[in-house]
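Q: what's the 3D shape of this:
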Amino acid sequence: MTEPTTRLGRPVWVDLSTSDAAAARTFYAAVLGWDIEVNEDPQYGGYAMARAGGLDVAGIGPAQPGAPTAWSIYFLTDDAASLGDRISDAGGTVVMPAMTVGDVGRMAVFADPAGAFFGAWQPNTMAGFHTGMAGSFRWAEINARGVERDLDFYHDVFGWELSRSDLPDGGVYTSLGLDGKNFAGAMEMHPGMPPEMPSYWLVYFAVDSADEAFARAIAAGGSQIVPPMPMPDGRFAIMRDPQGAAFAILAGG
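A: Predicted coordinates:
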């Protein structure tokens, strides 16, 4: 397992905003083996910390009125306010300006040029997630309309390194990383997707067995998007939880 990252621009946290936080806690505990604890302090609005092996790996909280049920990814910053200025200059949008979250840190929410939402986290007492174990963050992936513009955006804002490879269907997959270590990927959204489908970030969690985790998810009320399939370094699957949030699992590699 690893300590929370200190490298600016790397993923540092993921959380779920959901229409039924209690049901989501039950679902993900069954699928990913999380121990989940709700913060009883009213200022945190029922936000819960999910832990694997006693270490923080994700959050689950009630969605704000009108907000979608979805997973969000946050990237590390040392100044969430000034990051918002860089994002605006690079063609992104400040959705929620930097705000202080108790004594744990500061956060902000943005949209990239294709409209995909993401966040930034400026730590104080909460450094971020731990990785390297089953149930923890493993990978993230952006599906975007106009992905090349997005790639330029993320390179300009975070300095991400881009590594392109050809896909069997003729498309291109771009791995994203820093200091030679990849943590995410990006590809053009398939033209057959409904036009109302927005660009989005997809979060992958590590599991020991993609097939067993997939079976647990289905048994707990989840639904299939992509069944367990092989990939060069293991097996993955993509699902929706009972409230409709998409997420993925990845084993091996």
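
Q: Ser163 reaches Asn182, doesn't it?
A: Yes: contact criterion CB atoms under 8 Å: Ser163 and Asn182 qualify, at 7.1 Å. For glycine as for every other residue, the C-beta is placed from the backbone atoms N, C-alpha and C.

Q: Looking at those two, which has the bigger crowd around it?
A: Comparing Ser163 with Asn182 by other CB atoms under 10 Å, the one with more neighbours is Asn182, at 15 against 12.

Q: Return the set of residues that bridge with the more buried one.
A: Counting by DSSP bridges, Asn182 is bridged to Gly177.

Q: contacting residues for it?
A: Contacts for Asn182 (CB atoms under 8 Å, 6 or more residues apart in numbering) come out as Ser163, Ser175, Leu176.

Q: Same check on Met231?
A: Leu250.

Q: make it 10 Å
A: With contact set as CB atoms under 10 Å, 6 or more residues apart in numbering, Met231 has these partners: Ala210, Leu250, Ala251, Gly252, Gly253.

Q: can you check Ser165 too?
A: Ser165 makes contact with Val172, Tyr173, Thr174, Ser175, Gly185, Pro232 under the criterion CB under 10 Å, 6+ apart.

Q: per the record, what domains does this protein have?
A: According to automatic domain parsing, the chain comprises the domains 11-123, 137-251.

Q: and these, which is most packed in?
A: Among the domains of the chain, domain 11-123 has the highest mean neighbour count (mean count of other CB atoms under 10 Å), at a mean of 18.

Q: Could I get the average pLDDT for that domain?
A: Across domain 11-123, the average pLDDT comes to 96.

Q: Pick out whichever of the contacts of Ser165 sits closest to Ala245.
A: Gly185 (19.6 Å; CB to CB).

Q: Tell me if I'm right that the closest one and Glu141 touch.
A: Yes: at 4.8 Å, Gly185 counts as touching Glu141 under the criterion of CB atoms under 10 Å.

Q: what touches both of those two?
A: Taking CB under 10 Å, 6+ apart as the contact criterion, the common neighbours of Gly185 and Glu141 are Tyr173, Leu176, Leu202, Tyr204.

Q: Among these, which are located in strands?
A: Among the shared contacts of Gly185 and Glu141, the members found in strands (DSSP state E) are Tyr173, Leu176, Leu202, Tyr204.

Q: how about the residue lying closest to Glu188 once chain neighbours are set aside, phi and psi?
A: Using CB to CB, 6 or more residues apart in numbering and skipping the chain neighbours, the partner closest in space to Glu188 is Val147 (4.6 Å). Backbone torsions of Val147, given as degrees, to the nearest 10, read phi -60, psi -30.
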